[in-house]
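1. have a look at this prediction, sequence included:
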Amino acid sequence: MNARLRKKAERLLNQTQDQIITQVRRLKDDRICIGVTGLSRSGKSSFIISLINQLRQFRSAQLSAFSPWLQHRIIGVQQHPLEDRALPTFPYLSGVQQLSSQPPQWPNSTTDISGVLLELKLRSRNILGRNSTRSLFIEIRDYPGEWLLDLPLLQMSYYQWCKQQQNLLKGDLRKAVEANPSELFAAIDASLPADPGVLSRYTLAYRQFLENCRSSEYELALVQPGRYLMPGRAKDLPELFPLQTLPEQECLKTLSSDSYYAVLEHQFERYKREVVKPFFNEFIRPINRQIVLVDAVHALSRGEAYMAELITALEHLSESFNYGTRRIFGGRIEKVLFAATKMDQVIARDHEQVRHLLASMVHTSLERASWHDADYRVEAVAAIRAGREARVDDEECIAGFNDAGEAIGYIHPQIPGQVPRAEQWHDFKGWSAISLSPPQDIRADQDQALPQIRMDRVLQELIGDLCR
């Protein structure tokens with residue numbers, strides 16, 4: 001057996017062993033796999049760091065809504081090597097070091113998949129009423145939300161995707177983006193033989209356009225293919241872009257196999273087969289419970305068109321989950337928590353309004369989940385609290401530090417409890433949500449629980465029922 005085949009055989013053997021361990025623990029109901037996602041700038045890395053930190057530093061944490069903490073049943077928390085040996089470990093320690101650096105920095109954004117496995121050891125009582133101990137193994141999986149947006153492609157044809165992108169490219173949001181390739185793509189005759197040079201140049205042009213869409217100037221949410229923005233470890237991605245001048249559907253079968261349409265259709269199917277399906281089968285399928293992070297306040301500050309774009313992206317994210325009761329061998333999301341992030345940038349009396357706003361944004365997603373018996377919730381949290389409430393001239397405001405370490409404060413408009421109607425958006429014109437630097441008193445060398453808002457409720461919603 002040559003080296004390449006031996007390495008492949010060892011990898012398959014390791015995967016089989018890892019799956020057996022995972023399934024045995026799932027049968028015993030002492031293991032849960034939690035997926036954490038959200039679109040760029042929703043605070044995924046900070047959220048996962050705080051989630052791990054609150055458990056590891058439970059003695060100094062304030063987790064009154066988490067029943068095992070309140071009942072003094074937590075004995076300890078320990079990190080273990082991941083059962084899936086092919087999955088990179090989430091960089092928790094380096095993230096804490098970034099937070100505690102001088103000046104403090106936010107952890108690096110998610111650009112690839114990773115995970116962490118924690119053992120939560122609890123005091124409990126056995127069936128005879130005697131004191132005993134038990135362990136709950138919690139696997140947390142982190143991945144870019146942009147990758148999840150690719151999953152709906154599995155249910156689409158290349159023709160359908162082109163039609164969808166055609167509508168997006170001609171919309172007002174993308175018309176304003178630099179280097180919009182709509183006219184460039186529209187000039188291609190789909191029936192002509194494909195020129196390899198043109199395919200390469202236009203694919204690069206489309207990638208650049210997607211990067212422009214995701215830049216800080218525009219921050220558009222609905223971008224496909226997601227791997228064009230965050231390739232992770234994927235190599236040699238297919239050359240792909242959406243044609244804008246399409247033949248009638250009944251004429252597609254008459255096109256030659258070397259036509260632009262046929263070649264790009266083949267690349268589209270290859271992208272689904274080689275990139276999207278493996279991601280779902282190997283990474284998403286084992287997830288039982290899911291957190292979707294949303295920066296709802298930032299969306300409010302960006303305006304009506306941006307809010308509509310984000311809502312559409314959230315619906316696409318939700319369609320990617322296979323809701324319903326958990327099966328022994330995975331493949332179902334049994335619980336979904338939508339969490340509005342960065343609540344430290346909002347005064348406390350408006351936190352409930354933000355929660356209602358998020359519920360309004362994901363209404364379609366929640367309705368879909370309810371039809372499949374999933375347990376879903378909406379929460380508003382701050383994974384790491386950087387802002388504090390203050391009062392200036394009898395007005396409530398948020399105080400904190402900017403990236404330069406200078407003290408700043410601001411007053412935000414009243415947050416609505418639902419997505420504003422067209423005539424209400426003028427209340428937010430000229431306002432933009434601010435960016436705060438991390439708190440300045442975090443020390444990596446101390447057993448310190450990070451300051452947070454309602455992360456205890458997150459823990460209770462996600463694993464409280466498994467800690468009884």
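-> Noted; the coordinates are in hand.
2. which residue ranges of the stretch 51-200 of the chain form helices?
-> Counting by DSSP state H, counting those that start in this stretch, the stretch 51-200 of the chain has helices at residues 67-70, 92-100, 145-148, 158-169, 172-175, 182-186, 196-213.
3. which of those comes out lowest on mean pLDDT?
-> When the helices of the stretch 51-200 of the chain are compared on average pLDDT, helix 145-148 comes out lowest at a mean of 88.
4. and it, what does it pack onto?
-> Contacts defined by 3 or more C-beta pairs under 8 Å, 6 or more residues apart in numbering; DSSP states H and E place helix 145-148 against strand 31-38. Heads up, the C-betas are built off the backbone N, CA and C, glycines and all.
5. the strand it packs on: partners in the sheet, and parallel or antiparallel?
-> strand 131-142 (parallel), strand 289-294 (parallel) (DSSP bridges).
6. that older thread, okay, the helices of the stretch 51-200 of the chain in a markdown table with mean neighbour count next?
-> Listed next are the helices of the stretch 51-200 of the chain as a markdown table, based on neighbours: other C-beta atoms under 10 Å:
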| stretch | mean neighbour count |
| --- | --- |
| helix 67-70 | 18 |
| helix 92-100 | 18 |
| helix 145-148 | 26 |
| helix 158-169 | 18 |
| helix 172-175 | 14 |
| helix 182-186 | 15 |
| helix 196-213 | 16 |
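7. could I get the strands paired with strand 31-38 as CSV with mean pLDDT?
-> Formatted as CSV, these follow (pLDDT from 0 to 100):
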stretch, mean pLDDT
strand 131-142, 94
strand 289-294, 94
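8. distance to S257 and mean neighbour count added to these, as JSON lines?
-> As requested, the strands paired with strand 31-38 are exported to JSON lines (distance: least, C-beta to C-beta, whole Å; neighbours: other C-beta atoms under 10 Å):
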{"stretch": "strand 131-142", "distance to S257": "40", "mean neighbour count": "18"}
{"stretch": "strand 289-294", "distance to S257": "41", "mean neighbour count": "26"}
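9. in a markdown table, list those along with distance to E406.
-> Shown next, in a markdown table, are these (distance: least, C-beta to C-beta, whole Å):
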| stretch | distance to E406 |
| --- | --- |
| strand 131-142 | 32 |
| strand 289-294 | 28 |
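10. indicate which one of those strands is closest to V276.
-> strand 131-142 (16.9 Å; C-beta to C-beta).
11. run the chain-centre distance for that closest one.
-> With C-alpha atoms, centre = their mean, to the nearest Å as the basis, strand 131-142 stands 23 Å off its chain's centre.
12. now stretch 279-289
-> 14 Å.
13. please identify which of the helices of the stretch 51-200 of the chain is closest to L252.
-> Nearest to L252 among the helices of the stretch 51-200 of the chain is helix 158-169 (6.9 Å), distances taken as C-beta to C-beta.
14. and the contacts of the closest one?
-> Helix 158-169 has contacts (C-beta atoms under 8 Å, 6 or more residues apart in numbering) with 153, 156, 174, 180-182, 185, 222, 224, 242-244, 246, 249, 252, 261, 264-265, 268-269.
15. please look at R31 and E139 and confirm they touch.
-> Yes - if you go by C-beta atoms under 8 Å, R31 and E139 touch, sitting 7.1 Å apart.
16. which one of the helices of the stretch 51-200 of the chain lies nearest to V297?
-> Per C-beta to C-beta, nearest to V297 of those: helix 145-148, 17.6 Å.
17. send the alpha carbons of the closest one over as PDB?
-> C-alpha atoms of helix 145-148 as PDB (Å, rounded to 0.1, in the frame of the first residue of the first chain):
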ATOM      1  CA  GLY A 145     -22.400  31.900   8.300                       C
ATOM      2  CA  GLU A 146     -21.400  32.600   4.700                       C
ATOM      3  CA  TRP A 147     -20.800  28.900   4.300                       C
ATOM      4  CA  LEU A 148     -24.300  28.100   5.600                       C
END
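18. about what we covered before: make TSV from the helices of the stretch 51-200 of the chain and add distance to R332 to it.
-> Output for the helices of the stretch 51-200 of the chain, formatted as TSV (distance: least, C-beta to C-beta, whole Å):
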stretch	distance to R332
helix 67-70	25
helix 92-100	28
helix 145-148	16
helix 158-169	26
helix 172-175	34
helix 182-186	39
helix 196-213	31
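19. H412: which of those is closest?
-> Closest approach to H412 among these is made by helix 172-175 (23.7 Å; C-beta to C-beta).
20. confirm P278 sits in a helix?
-> Yes - counting by DSSP: H, G, I helix; E, B strand; the rest coil, P278 is part of a helix.
21. okay, now the unreliable bits of the protein?
-> For the chain, residues meeting the criterion pLDDT under 70 lie at 1-29, 126-129, 322-331, 365, 368-373.
22. and the strands in it?
-> 31-38, 74-80, 114-125, 131-142, 289-294, 335-340, 375-380, 388-392, 395-401, 407-410 (DSSP state E).
23. coming back round to it: give me the buried subset of the contacts of helix 158-169.
-> 153, 174, 180-182, 185, 222, 224, 242-244, 246, 252, 261, 264-265, 268 (16 or more other C-beta atoms under 10 Å).
24. compute the number of surrounding residues for Q54.
-> By the criterion of other C-beta atoms under 10 Å, Q54 has 24 neighbours.
25. name the nearest residue to it, sequence neighbours excluded.
-> A61 (4.9 Å; C-beta to C-beta, 6 or more residues apart in numbering).
26. pretty sure Q244 sits against D189.
-> No - with contact defined as C-beta under 8 Å, Q244 does not count as touching D189 (11.2 Å).
27. returning to that earlier point: and L210, which of the strands of the chain is closest to it?
-> Set against L210 and scored by C-beta to C-beta, these come closest in strand 31-38, at 18.3 Å.
28. number of nearby residues for the residue nearest to F401 when sequence neighbours are not counted?
-> Spatially, and ignoring its direct neighbours in sequence, F401 is nearest to S437 (4.9 Å; C-beta to C-beta, 6+ apart). Using other C-beta under 10 Å, the number of residues around S437 comes to 18.
29. which residues sit in contact with S437?
-> Shown in contact with S437 (C-beta under 8 Å, 6+ apart): P103, P104, Q105, W106, A386, G400, F401, N402, D403, G405.
30. can you check A382 too?
-> With contact set as C-beta under 8 Å, 6+ apart, A382 has these partners: T341, K342, M343, D344, Q345, Q452, I453, R454.
31. next, count neighbours for the fourth one.
-> When you say that, I think you mean D344. Under the neighbour criterion other C-beta under 10 Å, D344 is assigned a count of 22.
32. again, but for the third one
-> Counted with other C-beta under 10 Å, the neighbours of M343 add up to 25.
33. with adjacent residues omitted, what lies nearest to it?
-> Leaving aside its sequence neighbours, M343 sits nearest to A382 (C-beta to C-beta, 6+ apart; 4.3 Å).
34. for that neighbour, list each beta-bridge partner.
-> For A382, the beta-bridge partners are I453 (DSSP bridges).
35. how close does it get to I74?
-> A382 is 23 Å from I74, where distance means C-beta to C-beta, to the nearest Å.
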